[in-house]
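Participant: 3D, please:
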Amino acid sequence: MRRCAAIVAALVAACALEEDLGIDATTEVLEPRAVVEEEVADEGPARASFAGDPEAGERQILDLSHAELDDDWLLDLPGSEGLVAQGSQAEIPTTAVSVGSPQRGRLDGGVQLPYDPALYTRRHPERSYGSSHTMRTIRAAMRAMRHDKHVHAEVIVGDISRPGGGWFPPHVSHQSGRDIDIRLSIRPGLARDANPTEADNVDWDAVWALVHSFLETGEVRLIFLGWSRQQALFEAGLRAGVDRRVLDRWFQWPDRYDAESMIRHEDGHLGHVHIRLQCGPEDPQCDRG
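Facilitator: Coordinates of the predicted model:
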């Protein structure tokens, strides 16, 4: 009897609420749940479409139509000297921390890749945030490429992470500030917007100098490049004087399923190289991925 009385009391209260507010009490309770379900349903197909069409994703990554590529004109203006970091080190804060894995992570206090056209071009500065360790490593590798290997080809740095990390379409990874997309350098004599997914357009010697400079930092976890492009990069390494046995250790090519290799195939990586760095000393909650 007490249970029946409680049910009746609840029904009476619901009717009173409906009368007082002019709404249907049952619908009001269910509506928030329906909204949540709708949001989840919208999120899933978006992720699936990017992951299932790597070529479309790469076209978006390489698109230069709205890229901020022409910062150099600023250097002609009075007082512009302070725009470019002087000396061997830019001022990189030590407070940018990579948390979690590249596919399921975040970036705390993310720092933007410094403006330095003598070393590289930022494709979209607002998409170029990373951990402190990542920024130090990028700049160390770029300096080695320019000053030690004397490579002058333009290097366009693409997506790294958002300021706070997290989901970053069209990427599956790039969530924790340790993944770097770099457009394959174009051969001398071609327009800077030549298509790098066409192997004959690529300056493979310059690309090898870039990749090797990153490898020499000792901070690389993995490098992703399409299987059909690895032979050209391998041969550039040979031309640079690297011993074949060393290259065999680094490259997945020609042994497609070599799990120990650092340079590996990944769909959608024909026109750019994707470099994933190790966790840094400031990253105690980092998952190397």
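Participant: separation between E126 and F168?
Facilitator: Applying CB to CB, to the nearest Å, the value for E126 to F168 is 12 Å. Every C-beta, even on glycine, is put in place using the N, C-alpha and C of the backbone.
Participant: again with Q60
Facilitator: Distance of Q60 to F168, given as CB to CB: 12 Å.
Participant: for these two, indicate the residue with more neighbours.
Facilitator: F168 (16 against 13; other CB atoms under 10 Å).
Participant: next, the more buried one: phi, psi?
Facilitator: Main-chain torsions, F168, degrees, to the nearest 10: phi -140, psi 80.
Participant: contacting residues for it?
Facilitator: By CB atoms under 8 Å, 6 or more residues apart in numbering, the contact set of F168 is 127, 159, 161-162, 174-175.
Participant: surely D287 meets S173?
Facilitator: No: look at D287 against S173 with CB atoms under 8 Å: they stay out of range, at 11.7 Å.
Participant: all strands of the stretch 51-200 of the chain, in order?
Facilitator: 97-100, 105-108, 111-112, 121-122, 129-130, 156-157, 179-183 (DSSP state E, counting those that start in this stretch).
Participant: point out the most buried one among the ones you listed.
Facilitator: Of all these, strand 129-130 carries the top mean neighbour count, a mean of 26, counting by mean count of other CB atoms under 10 Å.
Participant: quick one: contacts of that strand?
Facilitator: Strand 129-130 is contacted from outside by 96, 98, 107, 110-113, 138, 160-163, 165, 177-178, 180, using CB under 8 Å, 6+ apart.
Participant: mind redoing it with 7 Å?
Facilitator: Residues from elsewhere that reach strand 129-130 (CB atoms under 7 Å, 6 or more residues apart in numbering): 96, 107, 110-113, 160-163, 177-178.
Participant: direction included, what does that strand pair up with?
Facilitator: Here strand 129-130 has these sheet partners by DSSP bridges: strand 111-112 (antiparallel).
Participant: and the strand it pairs with, how far out from the chain's middle?
Facilitator: 13 Å (CA atoms, centre = their mean, to the nearest Å).
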